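>>> sequence first, predicted model second:
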Amino acid sequence: MGPTAGARMNSRRGARLISAALFSAGAAVTDLVAAGKAESPGFGVLLAAIGLLQLGVVGCAFAWPRQRVLWIAGLVSLALLAFWALTRLAGWSPGPPFWLAEDRFAGMTDFLSATLRLLAGMLFLLASSARRGTTQRSRVATFMHTAARALPALLISGILTFASLAFVANGDSPGPVGSPSGVPVGAMTTVTYCTLDGVRLAMDVYEPSAAAVRPAPAVVYVHGSVWLFGGRGSDGPYFDQLQRQLNDRGFVVASIDYRLAPLYPFPAQIEDPKCAARYLRAHAAELGIDPNKIAGWGASSGGSSTALMAMAGTPASWDRGESLDQSSRVQAVVDMSGPVDYAAQGASYSGPGVLLSKLVGASLFREPGAVQAASAVSYAAPRDVPFLIVHGTKDFVVPAAESQELADHLQTGGTPVRLMLIEGATHVGIDPAITSQIPTAVDFLSDVLVSNGPIAGPFTFHEDLTCPLACPAS
């Protein structure tokens, strides 16, 4: 900046303008990327228009950095924030939630973009109120001073924008309209298995080869990530391995999306897997599935969902959506590192688990009694649904004591159950020692659903770290 009085903004005003532009651009890019994953074309167009409007605001602010222009820029940013609050917090949105496109991978991504709009609006207004001043600094010195003031905003906006874009980019697209008449053998196709609250829920169906016996047993896979993050393709190599091994043994594998918190609190995370089981039964003929041989396999919080699918006496209200004439129960369960007693988590967790417990509780359990309702140990044990439970003794996310509690509860109720506590192992998806038990789990499902054999028979253990029922305390 030159020394001419009133000809340039002072460094404080410039820093505020630059900071506001960074925050506004971050929100705009997030909206534009999310527009391609909107639930409807109309929502996608509107979301893209919001993103372009924010970029236009940034362009005008830099082209004409006058007080009135910056003031209008601030009001536009805050008006978009108010629109978000009405459609998101107050629920003023026809059909499916407008911001679902941003929340397909993480249920709070739209909160990040809303934070960017809030900061942009405040800083635009502050920049409009900052007086112009004279400066005797050189152009280089003024630039350096302005850049130093804007550096914190650059870092904060960079972190928030990167997180928002990463979450949006990793989100799955909505399920297709309509369902195929069948899935080619040895192939994968995506179907919409349920529509709840206007949201099309997608399922990837992996068919075994032509050599598989038909009708085939099926597995509903429910991904983890504390019911807050992820999608049907988010469990990466862990899921890829179990999917291949199950297909090789003649199983149909169905990996599902489900509604995420905090946009959808509990019981959405059990309503959707139950709807998936009903879908498979309703379309068993087209998919080549035996409707009497459907298992649930869940990792982490997904294990909680699959356990609830099998328990007796769960609320009938959890059956929502299509195919209500079909049963939503499963005939076997594989639960890896699943939380099953949410009421006990506050006392059981330590270290990072304390924060996790509070986050999950605030996001999921908004209704009285929801904590107990989400805990599998609150329900009667099913006598006819065998369980395989795998857990690491050093799990820092979900205490191994929860799996021990569930196994005791099931055993007392007469449920066939096999508990494998892996000494020294941590959490599913983190520790290879847990992943190495996938072949054991596939053997278990094959014994139960294909051979109709008792699970009390011997298993082939793939690690020396496992014990048949429970490892002795170290």
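Cool, the structure landed.

>>> so residue 296 makes contact with residue 306?
Yes. Assessed by CB atoms under 8 Å, residue 296 is found in contact with residue 306 at 3.3 Å. Backbone N, C-alpha and C define where each C-beta goes, glycine included.

>>> which neighbours do the two have in common?
220, 222, 273, 330, 333-334 (CB atoms under 8 Å, 6 or more residues apart in numbering).

>>> filter these to the buried ones?
The neighbour-count test (16 or more other CB atoms under 10 Å) marks 220, 222, 273, 330, 333-334 as buried among the shared contacts of residue 296 and residue 306.

>>> out of those residues, which sit inside strands?
Residues of those located in strands (DSSP state E): 220, 222, 333-334.

>>> what's the most distant pair in the buried ones among the shared contacts of residue 296 and residue 306?
Largest separation among these by CB to CB: 273 and 334, giving 13.3 Å.

>>> anything in contact with each of these two?
By CB under 8 Å, 6+ apart, the residues touching both residue 273 and residue 334 are 296, 306.

>>> for burial, what's the neighbour tally of the closest residue to residue 442 other than its chain neighbours?
Excluding its sequence neighbours, the residue lying closest to residue 442 (CB to CB, 6 or more residues apart in numbering) is residue 245, at 4.8 Å. Residues near residue 245, counting by other CB atoms under 10 Å, number 18.

>>> likewise residue 419?
24.

>>> now do it, the pLDDT please.
You'll see residue 419 listed with a pLDDT of 94.

>>> surely it is in a helix?
No. Counting by DSSP: H, G, I helix; E, B strand; the rest coil, residue 419 is not part of a helix but strand.

>>> and the buried ones among the shared contacts of residue 296 and residue 306 as TSV, adding distance to residue 74 and pLDDT?
Putting these into TSV (distance: CB to CB, whole Å; pLDDT from 0 to 100) gives the following:
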residue	distance to residue 74	pLDDT
220	49	97
222	44	96
273	45	96
330	54	95
333	54	97
334	53	97
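
>>> pick the one among those residues closest to residue 407.
The shortest gap between residue 407 and any of those belongs to residue 333, at 11.8 Å (CB to CB).

>>> which residues pair with the closest one across the strands?
Note on residue 333: beta-bridge partners residue 296, residue 387, judged by DSSP bridges.

>>> ok, back up a step: packing partners for whatever helix or strand the residue nearest to residue 442 lives in?
Using DSSP states H and E, residue 245 maps to helix 236-248. When contacts are defined as 3 or more CB pairs under 8 Å, 6 or more residues apart in numbering; DSSP states H and E, helix 236-248 sits against strand 199-206, strand 216-222, strand 252-256, helix 432-435, helix 438-445.

>>> that helix vs strand 252-256, what angle?
Computed with axes from the mean of the first three to the mean of the last three CA atoms, to 10 degrees, the direction of helix 236-248 lies at 150 degrees from that of strand 252-256.

>>> just how off-centre is helix 236-248 within its chain?
With CA atoms, centre = their mean, to the nearest Å as the basis, helix 236-248 stands 20 Å off its chain's centre.

>>> same check on stretch 233-250?
For stretch 233-250, the separation from the chain centroid amounts to 19 Å (computed by CA atoms, centre = their mean).

>>> try stretch 104-118
14 Å.

>>> residue nearest the centroid of this structure?
With distances taken as CA atoms, centre = their mean, residue 229 lies nearest the centre of the chain, 2.3 Å away.

>>> OK, contacts around residue 206?
Residues counted as contacts of residue 206 (CB under 8 Å, 6+ apart) are 187-188, 243, 246-247, 252-255.

>>> tell me the bridge partners for it.
residue 188, residue 253.

>>> just say helix, strand or coil for residue 259.
Assignment for residue 259 (three-state DSSP): coil.

>>> what is the burial count for it?
22.

>>> again with residue 161
Neighbour count of residue 161, defined by other CB under 10 Å: 21.

>>> does it sit in a helix or strand, and which one?
helix 139-170.

>>> and what of residue 127?
Using DSSP H and E, residue 127 falls in helix 109-129.

>>> list the buried residues for that helix?
Judged by neighbour count using 16+ other CB under 10 Å, the buried positions of helix 109-129 are 109-128.

>>> quick one: that helix to helix 139-170, angle?
160 degrees.

>>> which helices and strands sit right next to helix 109-129?
Going by 3+ CB pairs under 8 Å, 6+ apart, helix 109-129 lies up against helix 11-35, helix 41-63, helix 67-84, helix 139-170.

>>> run the last query once more with 7 Å
For helix 109-129, the packing partners by 3 or more CB pairs under 7 Å, 6 or more residues apart in numbering; DSSP states H and E come out as helix 11-35, helix 67-84, helix 139-170.

>>> closest one to residue 207 among these?
helix 139-170 (25.4 Å).

>>> check which residues of the closest one are buried.
142, 145-146, 149-150, 153, 156-157, 160-161, 163-165, 167-168.

>>> same deal with stretch 432-439?
433-438.

>>> format those as JSON lines; extra columns: pLDDT and distance to residue 233.
As requested, the buried residues of stretch 432-439 are exported to JSON lines (pLDDT from 0 to 100; distance: CB to CB, whole Å):
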{"residue": "433", "pLDDT": "92", "distance to residue 233": "24"}
{"residue": "434", "pLDDT": "93", "distance to residue 233": "20"}
{"residue": "435", "pLDDT": "93", "distance to residue 233": "17"}
{"residue": "436", "pLDDT": "93", "distance to residue 233": "22"}
{"residue": "437", "pLDDT": "94", "distance to residue 233": "22"}
{"residue": "438", "pLDDT": "95", "distance to residue 233": "17"}
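
>>> tabulate those (JSON lines), appending distance to residue 451.
JSON lines is the format used below for those (distance: CB to CB, whole Å):
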{"residue": "433", "distance to residue 451": "27"}
{"residue": "434", "distance to residue 451": "25"}
{"residue": "435", "distance to residue 451": "24"}
{"residue": "436", "distance to residue 451": "23"}
{"residue": "437", "distance to residue 451": "19"}
{"residue": "438", "distance to residue 451": "19"}
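
>>> show me what the strand or helix carrying residue 270 is packed up against.
Following DSSP H and E, one finds residue 270 within helix 268-282. Under the contact definition 3+ CB pairs under 7 Å, 6+ apart, helix 268-282 sits against strand 188-196, strand 216-222, strand 252-256, strand 289-299, helix 301-310.

>>> contacts for the last one next, please.
So that's helix 301-310. The contact list for helix 301-310 (CB atoms under 7 Å, 6 or more residues apart in numbering) reads 222-227, 269-270, 273-274, 277, 296-298, 314, 328-330, 333, 335-340, 376, 382, 385, 406.

>>> hey, C-alpha coordinates of that helix in CSV?
The C-alpha trace of helix 301-310 is given here as CSV (Å, rounded to 0.1, in the frame of the first residue of the first chain):
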residue,chain,number,x,y,z
SER,A,301,-21.2,-49.3,16.5
GLY,A,302,-22.4,-51.4,13.7
GLY,A,303,-22.1,-54.4,16.0
SER,A,304,-24.5,-52.7,18.4
SER,A,305,-27.0,-52.4,15.5
THR,A,306,-26.7,-56.0,14.5
ALA,A,307,-27.0,-57.2,18.1
LEU,A,308,-30.2,-55.2,18.5
MET,A,309,-31.6,-56.8,15.3
ALA,A,310,-31.4,-60.2,17.0
